[in-house]
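[1] Need the 3D shape of this:
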Amino acid sequence: MHEKLNNYLNRPSTLFLACREGRISFIKMIVIFAILVNMLQSIVLSGWHEFHKGVILTLYIIVYFGVYAIRYMILSSLLPDHYNKDTWTIKKEIRGLLPYILATACITQVYVLLCIEEYQFNLISILQLQLFNSILGIIAILTFGFYVDKKLKLTVSTGSELPPVTPLPAPTETPQTDKVIIPFKNNTVFDFDKLQYIESSHNDVRIFSLQNGVLIDEIQRGSLSELELLLADYPKVVRCHDSFMVNLTQVQSWSRENDNIILKLKHCSKTVTVSRSYVPAMLQILNANSIPKEKKLRFRR
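    Predicted coordinates:
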């Protein structure tokens, strides 16, 4: 059960404010939510003036949605590696939501204490207000969460923001040994004999290749998910982490490290991590490609 929960929380999620379609949907959600919460004015908050109910609703929307958007704009510029659309997970999204649940609970409570005359401070009134907040919060999280997971995720992955994908030439029997032009941004040339691994870095991808024994990287604007789709006909280049793809022909051996797998490359000292959610599939791939597990030396006393 614990493993299933961890796997679910580490599933990739859509960082919706990082794309145009997500920002438009966010604005639509605020409008729909504003209409919905006004329909709920008469529920739970009994004995209140209608004006005060409207103010509480407005305050809730400002705190919950407005501050969330402002926080993203500030923190995404200060912590670009954390707010990376290619490494965003359900766990990160939940961690981001928790402060706003607490903030709305505290701010609305302080407001009613200071500004609403008919509010009587006691346990029942506190529970009444927080129940009202909970109803609004649950509706907002479940509704928008479902929309992001089922609708927006597909739109971001295949929508108009990505460049059109031209049909790839039919792969030859040994595509890994040829130089292949992939229609990624500036028609990137992939030399699969030299390609080591690919790393996501904020809104760029870094393509690491070995040139004359030296590891060099080429930076291209775009997402790792987009590149993964374009490399679908080249099964030796596989996704192993939210931030990494690796060329299996360049993997010498592998080892376990806690819940992860560490891939050791043949011709350079760099290693590539396989994150926990990718481990089951990667173990099958490693066995199918006869890539050995690294043996640990044991010393006798």
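[2] distance between stretch 222-241 and the chain's centre?
    16 Å (CA atoms, centre = their mean, to the nearest Å).
[3] List the buried residues for it?
    222-228, 230-231, 234, 236-241 (16 or more other CB atoms under 10 Å). C-beta: built from backbone N, CA, C; applies to glycine.
[4] Name the member of the residues you listed with the shortest distance to P80.
    When those are compared for distance to P80 (CB to CB), S223 wins out at 13.6 Å.
[5] which parts of stretch 114-126 are buried?
    I116, Y119, S125.
[6] Do I have it right that the last one meets Y119?
    Yes - the pair S125 and Y119 qualifies as a contact (CB atoms under 8 Å) at a distance of 6.3 Å.
[7] Report how many residues lie close to L195.
    If you count neighbours by other CB atoms under 10 Å, L195 ends up with 23.
[8] isn't it right up against S209?
    Yes - the pair L195 and S209 passes the contact test of CB under 8 Å, sitting 5.3 Å apart.
[9] Next step: the buried residues of stretch 222-241 restricted to helices.
    L224, S225, E226, L227, E228, L230 (DSSP state H).
[10] Now distance to L75 and pLDDT too, for the buried residues of stretch 114-126, in a markdown table please.
    Listed next are the buried residues of stretch 114-126 as a markdown table, based on distance: CB to CB, whole Å; pLDDT from 0 to 100:
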| residue | distance to L75 | pLDDT |
| --- | --- | --- |
| I116 | 33 | 77 |
| Y119 | 34 | 76 |
| S125 | 35 | 83 |
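[11] Please, where are all the strands along the stretch 151-300 of the chain?
    Using DSSP state E, counting those that start in this stretch, the strands found in the stretch 151-300 of the chain span residues 179-182, 188-191, 195-201, 204-211, 214-221, 237-241, 244-247, 251-257, 260-265, 271-274.
[12] In terms of mean pLDDT, which of the ones you listed ranks lowest?
    Looking at those, the lowest mean pLDDT belongs to strand 179-182 (a mean of 63).
[13] Low-confidence regions, the stretch 51-200 of the chain specifically.
    51, 53, 85-87, 147-189 (pLDDT under 70).
[14] What separates the first and last residues of stretch 231-244, distance-wise?
    13 Å (CA to CA, to the nearest Å).
[15] err, stretch 82-93, not the other one
    Stretch 82-93: ends 11 Å apart by CA to CA.
[16] Just name the closest of the ones in helices among the buried residues of stretch 222-241 to N260, please.
    L224 (18.0 Å).
[17] Please name every helix or strand in contact with the helix or strand containing I27.
    Counting by DSSP states H and E, the element that carries I27 is helix 20-39. On a contact count with 3 or more CB pairs under 8 Å, 6 or more residues apart in numbering; DSSP states H and E, helix 20-39 meets helix 50-61, helix 123-147, helix 153-158.
[18] quick revisit: would you turn the ones in helices among the buried residues of stretch 222-241 into TSV with pLDDT?
    Shown next, in TSV, are these (pLDDT from 0 to 100):
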residue	pLDDT
L224	86
S225	86
E226	83
L227	84
E228	86
L230	82
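[19] ok, the closest residue to S275 other than its chain neighbours - contacts?
    Counting by CB to CB, 6 or more residues apart in numbering, H241 is the residue found nearest to S275 once chain neighbours are left out, at 4.5 Å. By CB atoms under 8 Å, 6 or more residues apart in numbering, the contact list for H241 reads V272, T273, V274, S275, Y278.
[20] And the spatially most central residue of the chain, how close does it get to N258?
    Central residue of the chain (CA atoms, centre = their mean): W88, 1.8 Å from the mean position. Distance of W88 to N258, given as CB to CB, to the nearest Å: 22 Å.
[21] Also G96?
    25 Å.
[22] Looking at these two, which one has more neighbours?
    G96 (16 against 7).
[23] Quick check: phi and psi on that one?
    G96 adopts backbone torsions of phi -70, psi -30, taken as degrees, to the nearest 10.
[24] Let me see the contact set for it.
    Y68, R71.
[25] Now render the strands of the stretch 151-300 of the chain as JSON lines, adding distance to T143.
    Output for the strands of the stretch 151-300 of the chain, formatted as JSON lines (distance: least, CB to CB, whole Å):
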{"stretch": "strand 179-182", "distance to T143": "38"}
{"stretch": "strand 188-191", "distance to T143": "39"}
{"stretch": "strand 195-201", "distance to T143": "30"}
{"stretch": "strand 204-211", "distance to T143": "33"}
{"stretch": "strand 214-221", "distance to T143": "33"}
{"stretch": "strand 237-241", "distance to T143": "30"}
{"stretch": "strand 244-247", "distance to T143": "34"}
{"stretch": "strand 251-257", "distance to T143": "40"}
{"stretch": "strand 260-265", "distance to T143": "35"}
{"stretch": "strand 271-274", "distance to T143": "35"}
